[in-house]
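>>> what would the 3D arrangement of this be:
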Amino acid sequence: MTVAIEMGHTTAGAPATLDLEELLATRLLVQGNSGSGKSHLLRRLLEQSAPWVQQTIVDPEGDFVALAEHLGHLLINAEDHAERGLQVAGERARIHRVSTVLNLEGLDAENQMRRAAAFLNGLFEIARDHWYPMLVVVDEAQLFAPAIAGEVSDEARKLSLGAMTNLMCRGRKRGLAGIIATQRLAKLAKNVAAEASNFLMGRTFLDIDMARAADLLGMERRQAEAFRDLERGQFIALGPALSRRPLGLRIGPTDTTPRNATPRLMPLPEATADAHAIILAAPPPDTNRPQRRSPPPDLLDQLMAAKSAALEIRPETVEPTLSAEELAERRERVDRILRAVMAEPDAGFRSHGVLYQEFVVRCRIEGLGSAVPDLADFRRMLTRARAGLGSDIADDDGWQDVSVRASLLPEDTQGVFMMIARAAKEGWPCPGDAAIARAYGSHSLRRARRLLSYIEEQGLIVCQLDGAGRRIVTLVELAWATAPGDPNAGELPAEQGCGSPT
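Residues are numbered from 1 along each chain as shown. Below you'll find the predicted structure:
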């Protein structure tokens, strides 16, 4: 069944339609400077297609809140939810086929990127049984898929860019049809923009943006000047869902209006005689911040006296110096306790904080006292343990290069890299997806494969398959290579196990 969505009228006065089924398979890119009518176009498309297909809108400015109320979409205020909650919300929205509006208004740029990435990943990481068709509209897409690094952290940018790339590059097979709108093509990552097959180009003035728009539409460079002459609400369309040749059209009216309407001229109020007193009056006291009290002049003397008194009352305790044998025995006891913690059936999927609490209790029962590692040391020990390595790794010169390379990765992925490095050094078969997922603390085999691809993209490993479809991983520069291993294999053998540091 073909569903034609009426978007407005062409310059010749004929109805301008959009093939909704074709759009689901080919995606859409909308470009135009601020005030060109991008949000109006998206609103028209969403209103017309709402009866036919599930929708979700990633809304950084709160422009589509009224649309949620009008169409009955679930409004999700991102600032009220953590990243994990938004990921689960995305999964449940697909399972139950609920249309949503993700309102990111009120968050700074980095938190907008993180929460949008979590929600999009929830839509993407869902079982095949729930791959229903869905329009995913991302307004101001250059914020979530920037062409260059900005002021946000690299981690947030990678999360957001990865989610947008999945949406536009791999979303079609999962029923996700990405519709992205941007003010400037030059600010949008090319690998995200290049996956769209349908284009609606609005008014723009910068030469670089006009040139890219003309290239995408197959127009000659001298025709690019036409983009400067477009009025608000006018676009040039091209694509299998719109037109086989560049076609000018004007977007029709909408039933809803944005919350942030275009500002209009208003007469100024009459001059107020006491304007000086009103504007420059003393500000009210800040009730949210406690008033700072000036410290007494002898505060430093009081602190020094208190410290001296404490030293007189409580003699300084000096930990006795331990011999090499005693240090080795203590390290073995710590490793034994860590092995016991990791031997729990669900230990690979519990948070660091929960595991650390159990570890501390066991250490105290063993009488280690002040020798209990702090949380930072425990996280490093846990990384090594999940890779099947003991704390004596620091004494092995052969692992120094591995540790340096692992430090280039995020902390939660270092254990996977070290587990693969150990298999390569020992000549063991390459760990399967299930073992990699467990070392990462996940049940998702798809996430394990994606993690392996990420480490390869960082230039640390090279993955290849032999003639039997078994995976071989080679460590770059070290020239260590694993034996061929089945990617679909289950847990590792006991000698390779993640929970058995050696």
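>>> domain parsing of this structure, as residue ranges.
What the record gives for the chain is the domain set 4-251, 324-496, from automatic domain parsing.
>>> let me see the ranges of the strands in this structure.
For the chain, applying DSSP state E gives strands covering 4-10, 15-19, 28-31, 54-59, 74-77, 100-103, 134-138, 176-182, 198-201, 234-239, 243-251, 461-465, 471-475.
>>> what's the span of stretch 181-190, first residue to last?
Chord length of stretch 181-190, first to last residue, is 14 Å (C-alpha to C-alpha, to the nearest Å).
>>> give the contact list for Met113.
Neighbour list for Met113: Leu143, Phe144, Val152, Ala156, Arg157, Leu159, Ser160 [criterion: C-beta atoms under 8 Å, 6 or more residues apart in numbering]. C-beta here means a position set from N, CA and C on the backbone, and glycine is covered the same way.
>>> may I ask which of those residues has the most neighbours?
Phe144 (29 neighbours; other C-beta atoms under 10 Å).
>>> that one and Asn198: what is the separation?
Separation of Phe144 from Asn198 (C-beta to C-beta, to the nearest Å): 20 Å.
>>> quick one: Gln142 from Leu249, how far?
24 Å.
>>> max-length helix in this structure?
The helix that spans the most residues within the chain, counting by DSSP state H, is helix 324-342.
>>> and it, what's its mean pLDDT?
In this model, helix 324-342 has an average pLDDT of 80.
>>> what of stretch 207-218?
76.
>>> just the C-alphas of it, formatted as PDB.
Extracted C-alpha coordinates of stretch 207-218, given in PDB (Å, rounded to 0.1, in the frame of the first residue of the first chain):
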ATOM      1  CA  ASP A 207      29.000  29.600  -0.300                       C
ATOM      2  CA  ILE A 208      30.200  26.300   1.200                       C
ATOM      3  CA  ASP A 209      26.600  25.300   2.200                       C
ATOM      4  CA  MET A 210      25.200  26.300  -1.100                       C
ATOM      5  CA  ALA A 211      27.900  24.300  -2.900                       C
ATOM      6  CA  ARG A 212      27.200  21.200  -0.800                       C
ATOM      7  CA  ALA A 213      23.500  21.500  -1.300                       C
ATOM      8  CA  ALA A 214      23.900  21.800  -5.100                       C
ATOM      9  CA  ASP A 215      26.200  18.700  -5.100                       C
ATOM     10  CA  LEU A 216      23.600  16.700  -3.200                       C
ATOM     11  CA  LEU A 217      20.900  17.700  -5.600                       C
ATOM     12  CA  GLY A 218      23.000  17.200  -8.700                       C
END
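>>> need the contact list for Ala193.
Leu29, Ile180, Thr182, Leu185, Leu216.
>>> now do 7 Å
Neighbouring residues of Ala193 by C-beta atoms under 7 Å, 6 or more residues apart in numbering: Leu29, Leu185.
>>> neighbours of the residue lying closest to Cys363 once chain neighbours are set aside, just the number please.
In this structure, Cys363 finds its nearest non-sequential neighbour in Val372, 4.4 Å apart by C-beta to C-beta, 6 or more residues apart in numbering. Neighbourhood size, Val372 [other C-beta under 10 Å]: 18.
>>> what does the one 5 residues further on give?
As a burial measure, the neighbour count of Asp377 was computed by other C-beta under 10 Å and equals 12.
>>> what about it, distance to Leu368?
13 Å.
>>> same deal with His276?
71 Å.
>>> surely Leu216 and Ser197 touch.
No: in this structure, Leu216 is not within contact of Ser197 by C-beta atoms under 7 Å, at 10.1 Å.
>>> hang on, the earlier thing: how about TSV for the contacts of Met113, with pLDDT and distance to Ile126 added?
Output for these, formatted as TSV (pLDDT from 0 to 100; distance: C-beta to C-beta, whole Å):
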residue	pLDDT	distance to Ile126
Leu143	89	25
Phe144	92	20
Val152	83	27
Ala156	89	23
Arg157	89	24
Leu159	91	18
Ser160	92	19
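>>> out of the residues you listed, who's nearest Arg232?
Leu143 (22.1 Å; C-beta to C-beta).
>>> in contact with Glu477, which residues?
Neighbours of Glu477 in contact, by C-beta under 7 Å, 6+ apart: none.
>>> could I get the phi/psi values of it?
phi 70, psi -40 (degrees, to the nearest 10).
>>> follow-up on the earlier one: now, the most widely separated pair of the contacts of Met113?
Farthest pair in those, by C-beta to C-beta: Leu143 and Leu159, 13.1 Å.
>>> residues touching the spatially closest residue to Arg115 that is not a sequence neighbour, list them.
With sequence-adjacent residues excluded and distances taken as C-beta to C-beta, 6+ apart, Arg115 is closest to Ala78, at 4.4 Å. By C-beta under 7 Å, 6+ apart, Ala78 lies in contact with Leu86, Leu102, Asn103, Leu104, Leu107, Arg115.
>>> and with 8 Å instead?
Leu86, Leu102, Asn103, Leu104, Leu107, Asn111, Gln112, Arg115, Ala116, Phe119.
>>> gap between it and Leu104?
In terms of C-beta to C-beta, Ala78 sits 5 Å off from Leu104.
>>> common neighbours of these two, please.
Counting by C-beta under 8 Å, 6+ apart, the residues touching both Ala78 and Leu104 are Gln112, Arg115, Ala116.
>>> excluding covalently adjacent residues, which one is nearest to the residue nearest the centre of the chain?
When C-alpha atoms, centre = their mean is applied to the chain, the residue found nearest the centroid is Leu159 (2.8 Å). Spatial nearest neighbour of Leu159, chain neighbours left out: Ala117 (4.1 Å); criterion: C-beta to C-beta, 6+ apart.
>>> how far away is the one you found from Glu155?
Taking C-beta to C-beta, one finds Ala117 at 10 Å from Glu155.
>>> tell me which of those two has more neighbours.
For Ala117 versus Glu155, the count of surrounding residues by other C-beta under 10 Å is larger for Ala117: 24 against 12.
>>> list the contacts for that one?
Contacts of Ala117 by C-beta under 8 Å, 6+ apart are Glu83, Phe144, Ala156, Leu159, Ser160, Gly162, Ala163.
>>> 10 Å instead?
83, 86-87, 144, 156-164, 166 (C-beta atoms under 10 Å, 6 or more residues apart in numbering).
>>> Gln142 and Leu249 - which one has more neighbours?
Of the pair Gln142 and Leu249, Leu249 is the one with more neighbours under other C-beta under 10 Å, namely 25 against 22.
>>> does Gln142 touch Arg184 like I think?
Yes: Gln142 is in contact with Arg184 according to C-beta atoms under 10 Å; the separation is 6.3 Å.
>>> which neighbours do the two share?
By C-beta under 10 Å, 6+ apart, the residues touching both Gln142 and Arg184 are Gln31.
>>> low-confidence ranges, the stretch 101-250 of the chain, go.
Judged against pLDDT under 70, the low-scoring parts of the stretch 101-250 of the chain cover residues 221-222.
>>> mind listing the helices for it?
109-124, 154-165, 190-193, 207-217 (DSSP state H, counting those that start in this stretch).
>>> out of these, which is the most enclosed?
Highest mean neighbour count among the helices of the stretch 101-250 of the chain (mean count of other C-beta atoms under 10 Å): helix 109-124, with a mean of 23.
>>> alpha carbons only: can I get that helix in CSV?
In CSV, the C-alpha atoms belonging to helix 109-124 read as follows (Å, rounded to 0.1, in the frame of the first residue of the first chain):
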residue,chain,number,x,y,z
ALA,A,109,25.1,20.6,25.1
GLU,A,110,27.0,17.7,26.6
ASN,A,111,24.0,16.3,28.5
GLN,A,112,21.8,16.8,25.4
MET,A,113,24.2,14.6,23.4
ARG,A,114,24.5,12.0,26.1
ARG,A,115,20.8,11.6,26.7
ALA,A,116,19.9,11.7,23.0
ALA,A,117,22.5,9.0,22.4
ALA,A,118,21.1,6.8,25.2
PHE,A,119,17.5,7.1,23.8
LEU,A,120,18.5,6.5,20.2
ASN,A,121,20.6,3.4,21.3
GLY,A,122,17.5,2.1,23.1
LEU,A,123,15.5,2.4,19.8
PHE,A,124,18.4,0.7,17.9
